[in-house]
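Visitor: Need coordinates for the below:
(one chain, ligands or ions: 1)
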Amino acid sequence: MSNNEEINSIDPNSISQQELHGYLLSAVAPRPICFASTIDKEGNVNLSPFSYFNLFSVNPPMMVFSPSRRGRDNTTKHTLENVLEVKETVINIVNFDMVEQMSLSSTEYGDGVNEFVKAGFTQVPSDKVQPPKVGEAPVAFECVVDQVIALGDGPGAGNLVLAKVVQIHVKKAFLDAEGKLDTPKLDLVARMGGNWYCRASGNALFEIPKPIRTLGIGVDMLPEAVQNSMVLTGNNLGRLGNLEQLPTKEEIAKIAEHPEVTSILNGEEDIIALHKLAQEWLAHDKPEDALALLHL
Ligand SMILES: Cc1cc2nc3c(=O)[nH]c(=O)nc-3n(C[C@H](O)[C@H](O)[C@H](O)COP(=O)(O)O)c2cc1C
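Guide: Residues are numbered from 1 along each chain as shown. As a prediction, the model looks like this:
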């Protein structure tokens, strides 16, 4: 990273709420979408999407979403009023096939208007809670509201709804051969800043081996020329640093005999060519060979 990159440093109190909203929502993204169905004490159903949302605990299984006070007039949203009246909700997960109807359901319809009907979703009775679930959702979580925490009382203030999962519905079409939820099949969508959404499919999906049970050597253990390479990227260094051990002398000697390596070594010593070859091997999922090569 160069030290002379220009940066705007901003005190959040020095800009308008609209500008602050823009920075926060564009940068803290992509955000998963909680499509929450709730009811009021008369039993009127409400369905609204919330991207201030995430999973925060597995034991107990707890999700949190936040219906904010409206920026324009500081009023509260039906979803918030409903969960204070009837402490139950169904959190439906949104995939690409549902995204336009989900967006329509965020329209600020009047009191008692059922967004299932307005957006054309199928209302399916839940097993353990009163609000219905969305029939089209690949996964739905029936939840009991554990706590509601107001973060303020001014326009834009969030209200954390802590929702404990009591029943899970998973459509079998979204499972893999082992019965686990299949990420590519799910085709989930997420909210970004402005009107942007993001679709978790195709090239947007990639895997990184989890470093939870391993102890990577760390980028600081790589040769200095590798750390300061003009070719290798931060992602390349991260993958190399995730390996658990430095190459042995034997491994380095063996890699020196690799035909692609000998052709580089036989010419003038060309560190750029070596780093490019290591990068290619990393792209082909051969990080151990790349690390040995970088120790020549
Ligand atoms: C994808 C998406 C995400 C949204 N996320 C939030 C959010 O996290 N918090 C919020 O207060 N409003 C959010 N909104 C706006 C609400 O969905 C909208 O105000 C909704 O109509 C509230 O309905 P209600 O008054 O029936 O609860 C979001 C809208 C969309 C389309």
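Visitor: Ignoring the adjacent residues along the chain, who's closest to the closest residue to the ligand within the stretch 151-296 of the chain?
Guide: For the stretch 151-296 of the chain and the ligand, the shortest gap (Cβ to the nearest ligand atom) falls at Arg191, measuring 4.4 Å. Glycine gets a C-beta too; all of them are placed from N, C-alpha and C. In this structure, Arg191 finds its nearest non-sequential neighbour in Ser51, 3.8 Å apart by Cβ to Cβ, 6 or more residues apart in numbering.
Visitor: burial measure for that neighbour, as a count.
Guide: Ser51 has 21 neighbours, counted by other Cβ atoms under 10 Å.
Visitor: Check what pLDDT it gets.
Guide: Ser51 is assigned 98 on the pLDDT scale.
Visitor: Beta-bridge partners for the residue of the stretch 151-296 of the chain closest to the ligand, please?
Guide: Arg31, Tyr197 (DSSP bridges).
Visitor: What is the neighbour count of it?
Guide: With other Cβ under 10 Å as criterion, Arg191 counts 23.
Visitor: how about stretch 220-231: buried residues?
Guide: Residues Leu222, Val226, Ser229 are the ones in stretch 220-231 that count as buried (16 or more other Cβ atoms under 10 Å).
Visitor: got the residues you listed as a markdown table, with pLDDT, distance to the ligand and secondary structure columns?
Guide: Formatted as a markdown table, the buried residues of stretch 220-231 follow (pLDDT from 0 to 100; distance: Cβ to the nearest ligand atom, whole Å; DSSP: H, G, I helix; E, B strand; the rest coil):
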| residue | pLDDT | distance to the ligand | secondary structure |
| --- | --- | --- | --- |
| Leu222 | 97 | 41 | coil |
| Val226 | 96 | 43 | helix |
| Ser229 | 96 | 41 | coil |
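Visitor: residues in the stretch 1-150 of the chain within reach of the ligand, list them.
Guide: Contacts of the stretch 1-150 of the chain with the ligand, taken as Cβ under 6 Å from any ligand atom, map to 33, 46, 48-52, 66-68, 77-79, 103, 106, 108.
Visitor: what about 5 Å?
Guide: Within reach of the ligand by Cβ under 5 Å from any ligand atom, the stretch 1-150 of the chain has these residues: 46, 48-52, 67-68, 77-79, 103, 106, 108.
Visitor: Pick out the least confidently modelled helix or strand of this structure, by mean pLDDT.
Guide: Every helix and strand in the chain was compared by mean pLDDT, DSSP states H and E; the lowest is helix 259-266, with a mean of 87.
Visitor: centre of the chain versus that one, how much separation?
Guide: Taking Cα atoms, centre = their mean, to the nearest Å, one finds helix 259-266 lying 42 Å from the centre of the chain it belongs to.
Visitor: how far off helix 259-266 does whatever helix or strand comes next after that helix point, in degrees?
Guide: With elements assigned by DSSP states H and E, the helix or strand that comes after helix 259-266 is helix 271-283. Following axes from the mean of the first three to the mean of the last three Cα atoms, to 10 degrees, one obtains 170 degrees for the angle between helix 271-283 and helix 259-266.
Visitor: in helix 271-283, what's buried?
Guide: By 16+ other Cβ under 10 Å, the buried positions in helix 271-283 come out as Ala273, Leu274, His275, Leu277, Ala278, Gln279, Trp281, Leu282.
Visitor: So what's the residue count around Ser14?
Guide: Number of residues near Ser14 (other Cβ under 10 Å) recorded here: 8.
Visitor: give the contact list for it.
Guide: Applying Cβ atoms under 8 Å, 6 or more residues apart in numbering, one finds that Ser14 lies in contact with no residue.
Visitor: Check the gap between the residue in the stretch 101-250 of the chain positioned nearest to the ligand and Ser51 for me.
Guide: Residue of the stretch 101-250 of the chain nearest the ligand, by Cβ to the nearest ligand atom: Ser106 (3.6 Å). Distance check for Ser106 against Ser51: by Cβ to Cβ, to the nearest Å, it reads 10 Å.
Visitor: Just the ones of the residues of the stretch 1-150 of the chain next to the ligand in helices?
Guide: Counting by DSSP state H, these place His78, Thr79, Ser103 in helices.
Visitor: By neighbour count, which of the residues you listed wins?
Guide: Comparing these on neighbour count, Thr79 comes out first with 23 neighbours (neighbours: other Cβ under 10 Å).
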